[in-house]
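Asks: build me a model from this:
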Amino acid sequence: MLIGLSSIFPCDDIEKTATYYEQVLGFCQVKYLDCLEPHICLYRDLTEIILTKVKKGKFFPNHELYGYGYDAYFYTKQPQILYDEFVKKTVKIVKSLSVTDYKNTEFVIEDIDGRWIGFGIKE
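Replies: From the prediction side, this is the model:
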C-alpha cells in the first residue's frame, strides 16, 4: 500500500533553492548536508520536497527539456487561497488560476530554478 510521495528536485545550488522555498513559498527546511548524499528536505503542510545536488551537468526543467510539462503537481483543497498568497508574494505565475479542460482548478508557478509547479484540485 502506498502511503505518500516526496518530490525529488535536482538543483544546481540546493541552499539557494531551499532559501527561496522557505522565504517565498512558505516551506520549512531541514538540512542533511553532511550525509553521503547531501540533501535538504522542504516541508509545507502534508507535502515534502527533497532537494539534491546536480553532480553532472546543469539542471533543466521539464518544459525546457521536453517542450511542455510540469516538474511537480501538488494538490490543495483551497487553490484560491494559495494562489492569492503567492500573488501577494510576487511569485512568478506561469498560468493563472482557472479550470482546465481536464476539470482541475489549478494554477502554475515558476520557481527560482525555472521549474513549473502546478497546484490544484480535481473538481
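
Asks: contact partners for the residue nearest the centre of the chain?
Replies: Against the mean C-alpha coordinate of the chain, by Cα atoms, centre = their mean, the closest residue is residue 117 at 5.0 Å. With contacts defined as Cβ atoms under 8 Å, 6 or more residues apart in numbering, residue 117 is in contact with 70-74, 108-111. All C-beta atoms are positioned from the backbone trio N, CA, C, and that covers glycine.

Asks: please apply the same query to residue 6.
Replies: Taking Cβ under 8 Å, 6+ apart, we find residue 6 in contact with 41, 48-50.

Asks: switch the contacts of residue 117 over to a markdown table; also include secondary structure, pLDDT and distance to residue 35.
Replies: Output for those, formatted as a markdown table (DSSP: H, G, I helix; E, B strand; the rest coil; pLDDT from 0 to 100; distance: Cβ to Cβ, whole Å):
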| residue | secondary structure | pLDDT | distance to residue 35 |
| --- | --- | --- | --- |
| 70 | coil | 97 | 28 |
| 71 | coil | 97 | 23 |
| 72 | strand | 97 | 23 |
| 73 | strand | 96 | 28 |
| 74 | strand | 96 | 25 |
| 108 | strand | 98 | 32 |
| 109 | strand | 98 | 29 |
| 110 | strand | 98 | 29 |
| 111 | coil | 98 | 23 |
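
Asks: selecting buried members of the residues you listed in PyMOL, what would you type?
Replies: To isolate the buried ones among the contacts of residue 117 in PyMOL, judged by 16 or more other Cβ atoms under 10 Å, type:
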select buried, resi 70+71+72+74+108+109+110+111
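
Asks: between the contacts of residue 117, which is closest to residue 82?
Replies: When those are ranked by distance to residue 82 (Cβ to Cβ), residue 74 comes first, at 8.9 Å.

Asks: out of everything not next to it in sequence, what's closest to that closest one?
Replies: Once flanking residues are discounted, residue 74 sits nearest to residue 119: 5.2 Å by Cβ to Cβ, 6 or more residues apart in numbering.

Asks: just to revisit the earlier point, just the ones of the contacts of residue 6 in strands?
Replies: Counting by DSSP state E, the part of these found in strands is 41, 48-50.

Asks: many thanks, I have nothing further to ask.
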